[in-house]
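Visitor: what's the 3D shape of this:
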Amino acid sequence: MTADVLPALTVRARSAAHLVATACAHHDAVLADRHDGTVVRHGDTVAKAHAPGTGRAELSRRLAVATDAADTLLAPLRPTPVDLHGRLVTFWPYGTPVDPEVPDAAPWEAAASLLARLHRTPAPPGLPAMRGPVKAAQAIARLRAAGPHPATAPVLRAWATLPAWARAQAPMPDTTTLCHGDLHLGQLVRHPAPAGPWLLIDVDDLGVGVPTWDLARPAAWYACGLLAPDEWTRFLTAYRCAGGPAVPADGDPWPALDVAARALTVQTAALAIAKSVAAGDPLDEVQQSVIDACGRMGTVPPDLAHGPRT
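Guide: Numbering: from 1, shown residues only. Just a heads-up that it's a prediction; the model follows:
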């Protein structure tokens, strides 16, 4: 984030929250400040500066989907982005996020039901591809640029076993299903705050593609032992009960999930190593478990017989 964007974004959030200049007791809060986007809150209004290079036409199409699917996705306050120091900015109502300090209350059923509804929503013509595989490929590029690390080799071996579409080197085999592209519990909020229904947020990676990608992060966590079996079962059962098309209605879901879950495991491991090298810190136990999974994956080819493939 350049030094001049954050204060300017805060001013934009204030002006969006108060159409008429009045005295205000609300405090400003920086909700996120990362290389891929900065988010500022003022009162019940949130302003987001999207990543440099974000395309206006593609972002506008994604905003239109969120507006039309307001029972599934948080709808923006304005239908089009605005410019701010070379960045695109969008405005949103504030929603109450998932509380990471209360894991037993994690809304796995709500997340699954929203995903199933999204996957059944007809995608409008001209919507770009879901960006999940692109983000995985970016994580691998970041790993390669980070410098030598003993855990890099097994991660790259696991990456090499994936089909071309999962590495963003070929079109995805599904070009009609509407997908979120980056599903995790941080992508859910209650709106209206504080106790409205759960909705999905963050349209940056929204598009058409392989719907199993949206189930891949919890599937990967479960496979790596980071998500309890009962939580995974709750999530998967709710998705199936809501008619989600990514996996069969019954039976073993793993043949369909295998490729995407592997890709998310590799992405997670790559980012963990890159951050470890940059900070000069050792890998923690959770990060090591994901890297160990990559080591196992590199010796067993993914299931390409049942799931999406090139």
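Visitor: burial measure for H26, as a count.
Guide: By the criterion of other CB atoms under 10 Å, H26 has 14 neighbours. Quick note: C-beta positions are derived from backbone N, CA and C, even for glycine.
Visitor: in a helix, it, correct?
Guide: No. Assignment of H26 by DSSP: H, G, I helix; E, B strand; the rest coil gives coil, placing it outside any helix.
Visitor: any idea how far it lies from K48?
Guide: From H26 over to K48 the distance is 18 Å, taken as CB to CB, to the nearest Å.
Visitor: pretty sure L63 sits against D204.
Guide: No. Taking CB atoms under 8 Å as the definition, L63 is not a contact partner of D204, at 10.6 Å.
Visitor: G298 contacts A151, correct?
Guide: No. Using CB under 8 Å, G298 makes no contact with A151, being 12.0 Å away.
Visitor: the more surrounded of those two?
Guide: Legend: neighbour count by other CB under 10 Å for G298 and A151, higher for A151 (22 against 19).
Visitor: which residue, other than its chain neighbours, is closest to the more buried one?
Guide: Nearest non-adjacent residue to A151, counting by CB to CB, 6 or more residues apart in numbering: I291, 4.7 Å away.
Visitor: so which strand or helix has the one you found?
Guide: Element membership of I291 [criterion: DSSP states H and E] is helix 285-297.
Visitor: who's in contact with H191?
Guide: Shown in contact with H191 (CB atoms under 8 Å, 6 or more residues apart in numbering): L74, P93, Y94, G95, T96, P197, L199.
Visitor: what is the neighbour count of the fifth one?
Guide: When neighbours are defined as other CB under 10 Å, T96 has 15 of them.
Visitor: gap between it and E231?
Guide: Separation of T96 from E231 (CB to CB) stands at 21 Å.
Visitor: give me the pLDDT for the nearest residue to R117 once chain neighbours are set aside.
Guide: Nearest-residue entry for R117: T72, 5.0 Å, with adjacent residues in sequence omitted and distances by CB to CB, 6+ apart. Predicted confidence (pLDDT) at T72: the value is 98.
Visitor: how near is T72 to H35?
Guide: According to CB to CB, T72 and H35 sit 28 Å apart.
Visitor: verify the assumption that G186 is located in a helix.
Guide: Yes. Counting by three-state DSSP, G186 is located in a helix.
Visitor: my read is that it contacts V98, right?
Guide: Yes. Counting by CB under 8 Å, G186 touches V98, with 6.7 Å between them.
Visitor: the more surrounded of these two?
Guide: Counted by other CB under 10 Å, G186 and V98 do not tie: V98 has more neighbours, with 20 against 13.
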